[in-house]
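1. pasted the sequence and its predicted model underneath.
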Amino acid sequence: MRQTVSVERLVEFGNALLKIDDTCPVRSMASKEYKEGVCDMIEKVLKESGRYDGYMLLGSTTPEWGTKECFMRKYFIKHK
């Protein structure tokens, strides 16, 4: 049996993962590599479905590119 998940639900879950910071007991979930992978997945799904509507950085300052803070984001979905 084939199952699908909605784009909205996937992005909602991904956005929740991207909010995780260094206080998380599972340290690997707060790593730059983990967050970068989540961002890549969300962007691929949104762009392939024609629903990409950008993202907003989380935090009070603009992080230096390549740091883990630059992957703390919230993605937006273009509505149908």
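-> Structure received.
2. may I have the phi/psi pair for His79?
-> Main-chain torsions, His79, degrees, to the nearest 10: phi -80, psi 150.
3. how near is it to Lys35?
-> For His79, the distance to Lys35 equals 26 Å [Cβ to Cβ, to the nearest Å]. In this view, the C-beta of every residue, glycine as well, is placed from N, C-alpha and C.
4. who's more crowded, these two?
-> Counted by other Cβ atoms under 10 Å, His79 and Lys35 do not tie: Lys35 has more neighbours, with 22 against 7.
5. assumed the more buried one was part of a helix.
-> Yes: membership of Lys35 in a helix is supported by DSSP: H, G, I helix; E, B strand; the rest coil.
6. surely it meets Gly66?
-> No: the pair Lys35 / Gly66 is not scored as a contact, 11.9 Å apart, by Cβ atoms under 8 Å.
7. got the residue ranges for the strands in the protein?
-> 52-57, 73-77 (DSSP state E).
8. please name the nearest non-neighbouring residue to Glu43.
-> Tyr52 (6.8 Å; Cβ to Cβ, 6 or more residues apart in numbering).
9. what sits against that neighbour?
-> Glu43, Leu46, Tyr75, Lys78 (Cβ atoms under 8 Å, 6 or more residues apart in numbering).
10. one more: Glu64?
-> Cys70.
11. Ser60: neighbouring residues, count only.
-> What Ser60 shows, counting by other Cβ under 10 Å, is a neighbour count of 5.
12. then Cys39?
-> Neighbours around Cys39, by other Cβ under 10 Å: 19.
13. again, but for the one 4 residues further on
-> By the criterion of other Cβ under 10 Å, Glu43 has 15 neighbours.
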